[in-house]
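K.L.:
Generate coordinates for the sequence data below:
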Amino acid sequence: MKKFIKIAALGAMSLSLCACKMSAQTAKSKTGMISVEVKNESVTLNHVEYEFPEGYKLEDGLMKDPYGISYVNVYNDDENLIGAAGDGMYEEDIDEDNFTDAASEIVKEFHDTDEDLTFYNDDPVNYGDKLGILMLEIGDGYSLFIAEIGTPNFVYVTQSEDDEDDEMSEFVESVVEQLGSDEDYEIFFGE
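P.N.:
Numbering: from 1, shown residues only. This next block holds a predicted model:
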């Protein structure tokens with residue numbers, strides 16, 4: 001009887017482990033080590049982590065050349081692609097002089113295009129205390145390039161019109177909380 005209970009307990013444990021969707025990747029890129037870990041609806045990228053709602057699906061990946069970017073594609077519980085989140089390192093520290101160049105290069109790499117970004121004014125970037133944010137319109141939604149000023153660290157987020165629950169906006173708020181200061185949060189999300 002004890003043996004049967006032990007076997008049943010081990011079987012139940014293995015079933016619960018199978019229900020947990022987990023993957024992890026680490027690699028060396030031209031701009032440094034990159035990693036992504038997904039466990040169910042939670043993701044840990046290079047510099048940020050976030051837990052999406054239950055039922056969301058995450059597909060992870062790594063870009064190693066020419067910039068190190070770990071990323072996840074995010075699908076809602078209806079299995080619609082609602083956005084993507086990339087976290088990486090640029091080839092040099094990002095500042096006010098090279099912010100738009102860095103954003104342009106990362107966007108081109110992330111979307112696998114040769115088309116340069118077009119800016120309609122001289123200063124399209126919103127700066128906070130530690131962070132700069134550039135918002136771009138893309139296809140059926142928008143994207144944000146968020147850089148930690150004075151470092152090579154950035155996060156790139158896309159959000160499609162299918163994101164009816166604004167989950168990717170919640171992710172962006174979390175990024176600002178994790179990488180920025182209280183002042184950054186107040187500047188970008190304060191009333």
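
K.L.:
And residue 65, how close does it get to residue 28?
P.N.:
Residue 65 sits 11 Å away from residue 28, taking CB to CB, to the nearest Å as the criterion. Placement of C-beta: from N, CA and C, glycine included.

K.L.:
Revised request: answer the last question for residue 106.
P.N.:
Residue 106 sits 19 Å away from residue 28, going by CB to CB.

K.L.:
of those two, who's got more company?
P.N.:
residue 106 (23 against 10; other CB atoms under 10 Å).

K.L.:
Surely the more buried one and residue 68 touch.
P.N.:
No. Assessed by CB atoms under 8 Å, residue 106 is found out of contact with residue 68, at 10.9 Å.

K.L.:
any common contacting residues for those two?
P.N.:
Among the neighbours of residue 106, those also in contact with residue 68 (CB atoms under 8 Å, 6 or more residues apart in numbering) are residue 88.

K.L.:
Enumerate residues external to stretch 91-105 that contact any of its residues.
P.N.:
30-31, 66-67, 90, 116-117, 119, 124-125, 127, 132, 134, 136, 145, 147-154.

K.L.:
ok, of those residues, which come out buried?
P.N.:
Neighbour counting with 16 or more other CB atoms under 10 Å marks 31, 67, 90, 125, 132, 134, 136, 145, 147-149, 151-154 as buried within the contacts of stretch 91-105.

K.L.:
and the residues you listed, which of them are in strands?
P.N.:
Counting by DSSP state E, the buried ones among the contacts of stretch 91-105 place 132, 134, 136, 145, 147, 148, 153, 154 in strands.

K.L.:
possible to save those as JSON lines with distance to residue 80 and pLDDT?
P.N.:
Listed next are those as JSON lines, based on distance: CB to CB, whole Å; pLDDT from 0 to 100:
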{"residue": "132", "distance to residue 80": "30", "pLDDT": "98"}
{"residue": "134", "distance to residue 80": "26", "pLDDT": "96"}
{"residue": "136", "distance to residue 80": "21", "pLDDT": "92"}
{"residue": "145", "distance to residue 80": "23", "pLDDT": "97"}
{"residue": "147", "distance to residue 80": "29", "pLDDT": "98"}
{"residue": "148", "distance to residue 80": "31", "pLDDT": "98"}
{"residue": "153", "distance to residue 80": "30", "pLDDT": "97"}
{"residue": "154", "distance to residue 80": "26", "pLDDT": "97"}
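
K.L.:
Pipe those into JSON lines and attach distance to residue 189 per row.
P.N.:
Shown next, in JSON lines, are these (distance: CB to CB, whole Å):
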{"residue": "132", "distance to residue 189": "15"}
{"residue": "134", "distance to residue 189": "16"}
{"residue": "136", "distance to residue 189": "19"}
{"residue": "145", "distance to residue 189": "17"}
{"residue": "147", "distance to residue 189": "17"}
{"residue": "148", "distance to residue 189": "17"}
{"residue": "153", "distance to residue 189": "20"}
{"residue": "154", "distance to residue 189": "19"}
